[in-house]
Structures are given as C-alpha cells and as structure tokens.
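>>> sequence and predicted structure below; questions after.
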Amino acid sequence: MTKIGLIGTGMLGNAVGLHLLESGHELIVYNRTKEKTSELKNHSAKVVDFPKDVVSLSELVIICVKDAAAVKEVSFGHDGIVQRNHENLVVADMSTINPNETRQISKQFKESGITLLEIPVMGGPNVAIKGGLVLMASGNEEVFNRHKKVFETIAKQIFFLGQSGVAHSVKLAMNIQIAMLALAISEGITLARASSIDPETFLKILNSTYFKTGMSENKAYKMISDKFEPTFTLNNLKKDLNTINESAKSFGVTLPMSTRAEEIYQKAIENGFGDLDYTGILAYLKQATKSVDLHN
C-alpha cells in the first residue's frame, strides 16, 4: 500500500484521511493546528511537526488546505514541502484555488523536481468518509495513472481533464452550482413562508419535478428545521465565490450572478452566519426580512 502524506486535516481532509487508513494505507499527517489531527492519530496515523516532515515518509502527498496562500505556505515556506525533497515525489492538491495560481504553483514545484497533480473533489466529509467523492484531475497523466488506485480509493468517480489548471477551473464552475442552488432553495423557502405556505409543501412539490436536486431532496429539509451543522461552511463558500469571480475576470468574462452571490454571502458573514453550513444563507435571509437589507 502507498505511503500517503496528508497536509490539511480540516473537515474534508480528516474524512479523506480516515477512509485511507480504513483502506489499509499508511498515513503521515500535518496540520497547522495540531489538535485537528487527533482523530487521525487515534486511528494510527503518524503526526509530524512540519510539512517537510511529511515528505520524508511519503510517496504521495495530498494537500487539502483553505486557499492558494495556504498551499504556497505548506509547499514553499520555511518548513515546506520543497525543503526536504526526495526522488519521484508527487504532490496532489485537493484544495479549491484559482487555476492561474495552480499553474504557477505547478511550475515552482517542477523547478524543484516535484510533480504536481490537481485533484479537487465534489462531496463533503459525509461522502469522503465512505470514499464516495467525485474527483476531477489534471496534470501529468502518466503520473496520475501511477497513483490512480489511491484516487480510486478516495473517489467513486474520476474525471481526468488534461493539463494543469483545468481541474480547478471545473471545480470552480461546480461550486457556482452549489452557491446558486443554496440561494434558490433559500429564496423559495423564504417566499413560501411569507405566503403562509408550509415550506415542506414547497419542497414536496419541488422534488416531484424535473427541477429537484440532491440539495432539495436532502439538505433542504434540515434547512427548514434551522439545522445548519457545517459540512462546508458559509465562510468557505464565500471564499470560493471570490476565487470564482477573480478567475472569471482573468479569463476576460464577468459572472453577474456569482458576483451578486458573493455580495450576499459576504453580508451573511458580516451578520454572524459565517461558521454555519453554507445552506445557512437561509438563516441570513430569514433575518433580513426587508429586501433593502440585502443591498446595504
């Protein structure tokens, strides 16, 4: 079994790590906040003090951190991956970042003799713990195939998409769907409630049509019960919307709905909803009972 390094043990990284351990892999982990490695340590993962220490013990290193700045820090910082290289090291980045940034990061790794693969995923911790993610990959296909069995352990479906940057572009396009669906369902529930309609009736009708989604069939029922336990926080989705809009501008296009969505999610964060699940945008809309509140 492959010796796998994991840098970043937040909700998603922790779930991926637990599934890899359950599948028989040896796992070496690092997280800036060491307390967040405790569950993996209790399941036999080896915890190290610096990203460079992960490299010494691993054949494949998976990065799963917040943003491009964090990827660069664990990769090229004082105690980063490049500080302790070994031959044929492969780094696979699962983070959600700007595709232009990932091309730059890939180039920097190549200068140090390291191959970077991009492996962003769809699906939350509840899916990752069962190996049920959807994985989008790009980079060197030969290197990807060399480690494909590991990726097949992580994901139930894999799409290899070509050269550097492509996987992250598709991931950002996918996250637009998440943001828009959460807003659409939230506004539908808000309108139903304002019309004295039981929101469960609204969902029942929605889910009997072509327009139903996994979100409307599952998370929406938690939403109407004001249950917003995070699998992917509102803060993180707002961060991704910012990355989406920055990337769009670099490609010469404007995304008006994504721009507006980022503004609404930012307003929700300013009103204290950032640590909720991203579907907690409904809680913000519930508070902002006047449409003018969304524009101030």
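Yep, that arrived.

>>> check contacts around residue 67.
Contact analysis of residue 67 by CB atoms under 8 Å, 6 or more residues apart in numbering lists 95-97, 239, 243. Where you see a C-beta, it was placed from the backbone N, CA and C, and this is true even at glycine.

>>> and those residues, which is closest to residue 49?
Relative to residue 49, the closest of the contacts of residue 67 is residue 95; by CB to CB it sits at 21.1 Å.

>>> from what I see, the closest one and residue 72 are in contact.
No: using CB atoms under 8 Å, residue 95 is not in contact with residue 72, being 10.6 Å away.

>>> with neighbour numbers in mind, choose between the two.
More neighbours surround residue 95 than the other of residue 95 and residue 72, with 26 against 17 (other CB atoms under 10 Å).

>>> quick one on the thing from earlier: of the contacts of residue 67, which belong to helices?
Mapping the contacts of residue 67 onto helices (DSSP state H) picks out 239, 243.

>>> as TSV, the contacts of residue 67 with distance to residue 88 would be great.
Below are the contacts of residue 67 laid out as TSV (distance: CB to CB, whole Å):
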residue	distance to residue 88
95	22
96	27
97	24
239	33
243	31
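
>>> residue ranges of the strands in the stretch 1-150 of the chain, please?
3-7, 26-30, 46-47, 60-63, 90-93, 115-118, 121-122, 133-137 (DSSP state E, counting those that start in this stretch).

>>> please state the offset of the helix or strand in which residue 186 is found from the chain centre?
According to DSSP states H and E, residue 186 maps onto helix 166-194. The chain centroid and the centroid of helix 166-194 are separated by 15 Å under CA atoms, centre = their mean, to the nearest Å.

>>> cool, and stretch 179-199?
Going by CA atoms, centre = their mean, where stretch 179-199 is centred and where its chain is centred differ by 25 Å.

>>> which parts of it are buried?
The neighbour-count check on stretch 179-199 (16 or more other CB atoms under 10 Å) flags 179, 181-183, 185-186, 188-190, 192-193, 199 as buried.

>>> quick one: mean pLDDT for it?
Here stretch 179-199 scores 97 as its mean pLDDT.

>>> ok, now stretch 65-80?
Rounded mean pLDDT across stretch 65-80 is 94.

>>> could you dump the contacts of residue 67 into CSV and include distance to residue 273 and pLDDT?
Listed next are those as CSV, based on distance: CB to CB, whole Å; pLDDT from 0 to 100:
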residue, distance to residue 273, pLDDT
95, 23, 95
96, 20, 94
97, 24, 94
239, 14, 97
243, 20, 97
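
>>> quick one: which of the contacts of residue 67 is nearest residue 86?
When the contacts of residue 67 are ranked by distance to residue 86 (CB to CB), residue 95 comes first, at 22.5 Å.

>>> returning to what we had before: so which of the strands of the stretch 1-150 of the chain gets nearest residue 232?
Nearest of these (CB to CB): strand 121-122, 10.5 Å.

>>> name the helices or strands packed onto that closest one?
For strand 121-122, the packing partners by 3 or more CB pairs under 8 Å, 6 or more residues apart in numbering; DSSP states H and E come out as strand 133-137, helix 166-194.

>>> mind listing what's buried along the helix or strand following the longest one?
Once the chain leaves helix 166-194, the next helix or strand it forms, by DSSP H and E, is helix 199-206. By neighbour count with 16+ other CB under 10 Å, helix 199-206 contains the buried residues 199, 202-203, 206.

>>> other residues contacting helix 199-206?
Outside helix 199-206, the residues that touch it by CB under 8 Å, 6+ apart are 188-189, 192-193, 212, 216, 220-221, 224.

>>> likewise stretch 21-35?
Outside stretch 21-35, the residues within contact range by CB under 8 Å, 6+ apart are 1-10, 13, 17, 20, 37, 40-41, 43-51, 53-54, 57-58, 74, 131, 150, 153.

>>> mark which of these are buried, thanks.
By 16+ other CB under 10 Å, those give 2, 4-10, 13, 17, 20, 37, 40, 45-48, 50-51, 53-54, 57-58, 74, 131, 150, 153 as buried.

>>> just the ones of those in helices?
Residues of the buried ones among the contacts of stretch 21-35 located in helices (DSSP H): 13, 17, 20, 40, 51, 53-54, 74, 150, 153.

>>> which of these sit farthest apart?
Going by CB to CB, the pair spanning these furthest: 53 and 153, at 23.4 Å.

>>> circling back: nearest to residue 122, of the ones in helices among the buried ones among the contacts of stretch 21-35?
residue 13 (15.3 Å).

>>> alright, that wraps it up for me.
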